[in-house]
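Asks: Please work out how this folds:
(one chain, ligands or ions: 1)
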Amino acid sequence: MTQASRDWWRDAVIYQVYIRSFADGNGDGEGDIAGLRERLPYVRDLGIDALWINPWYPSPLNDGGYDVADFRDIDPRFGDLVQAKSLLDEAHGLGLKVLLDIVPNHSSWDHRWFREALAAGPGSPERARYIFRDGRGPDGALPPNNWRSVFGGLAWERVTEPDGTPGQWYFHIFDVSQPDFDWENPEVRAEFLDILRFWFDLGVDGFRIDVAHGMVKNMAGPDLPYDESGLLDRPSIADHPFFDRDGVHDIYRGWREVADSYDPPRLYVAEAWVEPAERLARYLRDDELHSAFNFGYLKSAWTAADLRRSIDDSVSTLASVGAPATWVLENHDVERVVTRYGRDVTAAGTGHAGKAKGPVDVELGTRRARAAALLMLALPGGAYVYQGQELGLPEVLDLPEGSLQDPVWERSGHTERGRDGCRVPLPWSVSGSSYGFGSGGAWLPQPAGWGELSVEAEDGDPASMLSLYRDGLRLRRSIPSVEPLTWIDETADDVVAFQRGRGFACVVNLGATPSTLPAHREVILASGPLDADGRLPTDTAVWLAV
Ligand code: NOJ
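Replies: Okay, here's the model as predicted:
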């Protein structure tokens, strides 16, 4: 295997499959492996390099599968290990790599280990796999400290001991059904190395690591100052007791040895909401993880200054550790970009789509999302596309309250709707049961008009978002990937313009008036029509041969 093919991930476009909402093969209203296998040709034809599949493990789905009950199996609603193996083989046959999602910070409360911990009682080795503490106050009725769950409410839950008395408390950064493991315990560390090998042996090409900055904690840390700015807006203090602690890097050095013991070596992508970029770069040192989502870019406002700053920052900081930048606009935790860019405030909050944020102009958002797609795909490094982004799906903002499933809804006391609006099952056809998602309805209601955004409706329409993504992904292959980005300075301040090598340029107009294009030989691709004088209208991007 050549170095170039070992380094496939450095400029890969990775397509995120939220399996429960992708395609339903068995007609039970939820997506599954069978549905994904049927649709693999669609994914291949998009022109992406790899899939990342959100958790498919056995789970009560209290947090969409990020509450794992068994890390070495598949939930029956999604399929089984035999089907998983077939999926891997078929994807590989089509030239696609497959990444899974690993959730090392916590398990489900349905995990065998947690049940054993509850049954075994205080001081037992079973309890030592999780973070149990005695409460404060004379009878231990007060939580060990004031730390809060990022989904709202306390990060501590009191248990009833096997003898029926009120007992210890366990720690959970997320939902009460997601107890945190104690990563000081060597048994936990060994278990995860074994889980990695289990899936790598099956043929999985890598992992996206959930809450990659969360496993190591300072449980003796002080109470934290909280404000009410938002559930996922954690206190930004130095030396945070449970995020981005230096000790986490030891874990990844061990994980990297496992990945490198395979041929070809396996890949890790960090989900780490860590700032500034220098802190993120620490995860991507030579002997740690390969790549990380660029949430700084995802959160940037749709302004030339913010985007330029974020691009410069990401590229230069990650280059300091030899890692490529990545570009992300959407995932299953944040508001869809068509909606976000259609608002007055285009910067994203810290990672989730909960709050009422004012009116949305979907047409404006769509125009900007088209330009943003060309910008993202022209940048050096890797990129992520979340299922439905290529169709231009908006956030579904009016899901009936009774259908909401994100734990954020309950834990916020019904003040934040959570992330279901970006997880609505995909429309594959213009009409029919659940717009072609499956024969048995859809687990979240799809809005009226969803069919107009379906694959069937957009396929072959040169003006559709789908065609733009397909063209962009195809033409991106001719951008010389080794060429760094150099800014074109002669354009106006509110235009983002850069070259990749001497032959290719990308120009995006974020200003209020049309802008004159730099000298070029040909327009290769445009997110919208140029004006009659060949100028670039507002919120439009072009790729140029220069
Ligand atoms: C990040 C995941 O992307 C999100 O969906 C999940 O709720 C939390 N981690 C907890 O696992």
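Asks: in the chain, what residue is nearest the ligand?
Replies: Y66 (3.3 Å; CB to the nearest ligand atom). Quick note: C-beta positions are derived from backbone N, CA and C, even for glycine.
Asks: Number of residues surrounding F293?
Replies: 22 (other CB atoms under 10 Å).
Asks: typed the wrong thing, it's G64
Replies: Neighbours of G64 (other CB under 10 Å): 21.
Asks: Give me the three-state assignment for it.
Replies: Assigned with DSSP: H, G, I helix; E, B strand; the rest coil, G64 falls in the coil class.
Asks: Run through the residues that contact it.
Replies: With contacts defined as CB atoms under 8 Å, 6 or more residues apart in numbering, G64 is in contact with Y18, R20, N54, P55, H332, Q405, D406, R423.
Asks: what sits up against stretch 29-45?
Replies: 15, 17-26, 51, 53, 56, 74, 77-79, 83-84, 86-87, 90-91, 94-96, 425, 428, 434, 437-438, 440-443, 455, 470.
Asks: In helices only, show me the residues you listed.
Replies: Q83, A84, S86, L87, E90, A91, V455, R470 (DSSP state H).
Asks: what sits against K217?
Replies: I131, F171, D180, W183, P241, F242, R245.
Asks: Helix, strand, or coil at it?
Replies: Secondary structure for K217, judged by three-state DSSP, is coil.
Asks: Distance of it relative to L289?
Replies: From K217 across to L289, the span is 19 Å (CB to CB, to the nearest Å).
Asks: Would you mind listing what in the chain touches the ligand?
Replies: D63, G64, Y66, V103, F174, D210, V211, E271, H332, D333 (CB under 6 Å from any ligand atom).
Asks: I'd like to know how far the last one sits from P58.
Replies: Okay, so that is D333. Using CB to CB, D333 is found at 22 Å from P58.
Asks: before we move on, what about the fifth one?
Replies: In this structure, F174 and P58 are separated by 18 Å, where distance is defined by CB to CB.
Asks: With neighbour numbers in mind, choose between the two.
Replies: Under the neighbour definition other CB under 10 Å, F174 and P58 were set side by side, and F174 has more, 25 against 21.
Asks: so where do the helices sit in the stretch 301-450 of the chain?
Replies: 304-319, 337-340, 362-378, 407-411 (DSSP state H, counting those that start in this stretch).
Asks: so which of the ones you listed is the most packed in?
Replies: Per residue and on average, the most neighbours among these fall to helix 337-340, with a mean of 28 (mean count of other CB atoms under 10 Å).
Asks: for the record, mean pLDDT for that one?
Replies: Mean pLDDT, helix 337-340: 97.
Asks: Then stretch 204-213?
Replies: Stretch 204-213 shows a mean pLDDT of 98.
Asks: does R423 really touch P445, like I thought?
Replies: No - applying CB atoms under 8 Å as the test, R423 and P445 come out as separate, 11.7 Å apart.
Asks: Please compare these two by neighbour count and tell me which comes out ahead.
Replies: The neighbour comparison of R423 against P445 (other CB under 10 Å) goes to R423, with 25 against 18.
Asks: contacting residues for that one?
Replies: Y18, R20, S21, G64, H332, L444.
Asks: who are the neighbours in contact with the last one?
Replies: With contacts defined as CB under 8 Å, 6+ apart, L444 is in contact with S21, V396, L399, S403, Q405, D420, R423, V424, P425.
Asks: Which among those count as buried?
Replies: Listed as buried from the contacts of L444 are S21, V396, L399, Q405, D420, R423, V424, P425; burial here means 16 or more other CB atoms under 10 Å.
Asks: how close does the residue nearest the centre of the chain get to S403?
Replies: Of all residues in the chain, the one closest to the mean position by CA atoms, centre = their mean is N331, 4.2 Å from it. Distance from N331 to S403, counting by CB to CB: 21 Å.
Asks: Same question for L40.
Replies: Computed as CB to CB, the L40 to S403 distance reads 29 Å.
Asks: Kindly report the same for R343.
Replies: 23 Å.
Asks: for R37, same thing?
Replies: Remark: distance between R37 and S403 (CB to CB) = 28 Å.
Asks: try E157
Replies: For E157, the distance to S403 - CB to CB - is 26 Å.
Asks: do the same with F114
Replies: From F114 to S403 the distance is 28 Å (CB to CB).
Asks: can you pull out the strands in the stretch 301-450 of the chain?
Replies: 326-328, 382-386 (DSSP state E, counting those that start in this stretch).
Asks: Can you lay out the ones you listed as a markdown table showing mean pLDDT?
Replies: Conversion of the strands of the stretch 301-450 of the chain to a markdown table gives the following (pLDDT from 0 to 100):
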| stretch | mean pLDDT |
| --- | --- |
| strand 326-328 | 97 |
| strand 382-386 | 98 |
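Asks: Tabulate those (TSV), appending mean neighbour count.
Replies: TSV is the format used below for these (neighbours: other CB atoms under 10 Å):
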stretch	mean neighbour count
strand 326-328	25
strand 382-386	25
